[in-house]
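In: I need the structure of the sequence given here:
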Amino acid sequence: MDKRSRELRKTIVKTLKASRRGHLGASFSLIEILRVLYDDILRYDSQNPQWLERDRCILSKGHGCLALYAILADKGFFPESELDKFCQVDGILGGHPEYGKVPGVEASTGSLGHGLSIGIGFALNARIDKADYRTFVILGDGESQEGSIWEAAMCAGKHRLSNLTVLMDYNKHQSYGSTTEVQDLEPLADKWRAFGFAAVEVDGHDVTALRDVLSQVPLETHKPTAIICHTIKGKGVDFAENNLNWHHKSRISDNEIQAMLTALEG
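Out: Presented below is the predicted three-dimensional model:
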């Protein structure tokens, strides 16, 4: 990891101090995906979050919101001081992102399986309005076991929504087991292709690879794009990596906070 990836993870760890709980594993696997989107790909105005020409980005796996909050604060959507009030009654940042309350959040998510359907609505609306904004939806692999995801995928393929890109944070773990044990998703790329998507696989922590593939979307004319990002749950902190105890951690101690910060110093 380079300095920026480490610093964003440190911001997440420091945010956790406010509530002593949160979905650390899911947030750490997302960092590079969100970083590349907001640093290099998305069109937006942090001082005018409702700018009509902005690209839309939906974090369907809403429990990974700590990563999104770190990026949105970094980009100036809201003051960084809000991070210190995570899950507090006087703050705007809850345990899942909330539309209308958090600037930059396009949809309230966390009830898994709905983000792609919302994104399809955005993409269809852009087509009807003859607008050129794009929609990006970030899915979790656990939520992709839900039928609503594949109903939505079938719809996107039917309507040939080339202005829609799905990124799957494929860390291969969910709250209580591996995706292989709970409900295997493979052959995953072939599934997306069967539903009418152009699909590609990439290292979800490789910033250059992510930037390259996202710079090329849509990968095929008249098809939505699916980018399967192979990631590591808890990436960056060795004792949290692929450790289901860190899917959601409560009562995080000062020692654990310091241990994470130390690990991120490399």
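In: report the buried residues of the strand or helix carrying G25.
Out: Counting by DSSP states H and E, the element that carries G25 is helix 24-28. For helix 24-28, the neighbour count (16 or more other Cβ atoms under 10 Å) marks L24, G25, A26, S27, F28 as buried. For every residue, glycine as well, the C-beta is placed using N, CA and C.
In: quick check: the third one touching H247?
Out: Yes. With the criterion set as Cβ atoms under 8 Å, A26 and H247 qualify as a contacting pair; they are 6.7 Å apart.
In: any shared contact partners between those two?
Out: Listed as contacting both A26 and H247 by Cβ atoms under 8 Å, 6 or more residues apart in numbering are K233.
In: can you give me the helices for the chain?
Out: In chain order, the chain shows helices spanning 3-19, 24-28, 31-36, 65-74, 115-129, 147-158, 179-183, 188-194, 207-214, 254-264, with DSSP state H as the criterion.
In: highest mean neighbour count out of these?
Out: Counting by mean count of other Cβ atoms under 10 Å, helix 24-28 has the highest mean neighbour count of these, with a mean of 29.
In: against which helices or strands is that helix packed?
Out: Helix 24-28 sits against helix 3-19, helix 65-74, with contacts defined as 3 or more Cβ pairs under 8 Å, 6 or more residues apart in numbering; DSSP states H and E.
In: make CSV out of the ones you listed and add mean pLDDT and distance to I58.
Out: Conversion of the helices and strands packed on helix 24-28 to CSV gives the following (pLDDT from 0 to 100; distance: least, Cβ to Cβ, whole Å):
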stretch, mean pLDDT, distance to I58
helix 3-19, 95, 20
helix 65-74, 98, 10
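In: what about the ones you listed, which gets the closest to S108?
Out: helix 65-74 (10.6 Å; Cβ to Cβ).
In: distance between that closest one and the chain's centre?
Out: Relative to its parent chain, helix 65-74 has a centroid offset of 10 Å by Cα atoms, centre = their mean, to the nearest Å.
In: before we move on, back to that, so which of the helices and strands packed on helix 24-28 is nearest V213?
Out: Of all those, helix 3-19 comes closest under Cβ to Cβ, at 17.7 Å.
In: wait, doesn't I33 sit right on L167?
Out: Yes. Counting by Cβ under 8 Å, I33 touches L167, with 5.7 Å between them.
In: which neighbours do those two have in common?
Out: I138, C229.
In: and the helices and strands packed on helix 24-28: which comes nearest L42?
Out: So among the helices and strands packed on helix 24-28, helix 65-74 is nearest, using Cβ to Cβ, at 10.2 Å.
In: distance to I128 for the helices and strands packed on helix 24-28 - can I get that in TSV?
Out: Conversion of those to TSV gives the following (distance: least, Cβ to Cβ, whole Å):
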stretch	distance to I128
helix 3-19	36
helix 65-74	28
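In: now do the contacts for E186.
Out: With contacts defined as Cβ under 8 Å, 6+ apart, E186 is in contact with T180.
In: got the buried residues for stretch 166-184?
Out: Buried residues in stretch 166-184, counting neighbours by 16+ other Cβ under 10 Å, are found at V166, L167, M168, D169, Y170, N171, K172, H173, Q174, S178, T179.
In: mind checking which of those residues are in strands?
Out: In strands, defined here by DSSP state E, the members of those are V166, L167, M168, D169, Y170, H173, Q174, S178.
In: list the contacts of the spatially closest residue to the last one that is not a sequence neighbour.
Out: I take that to be S178. Spatially, and ignoring its direct neighbours in sequence, S178 is nearest to K172 (5.8 Å; Cβ to Cβ, 6 or more residues apart in numbering). Residues near K172 by Cβ under 8 Å, 6+ apart: D141, S178, T179, T180, K233.
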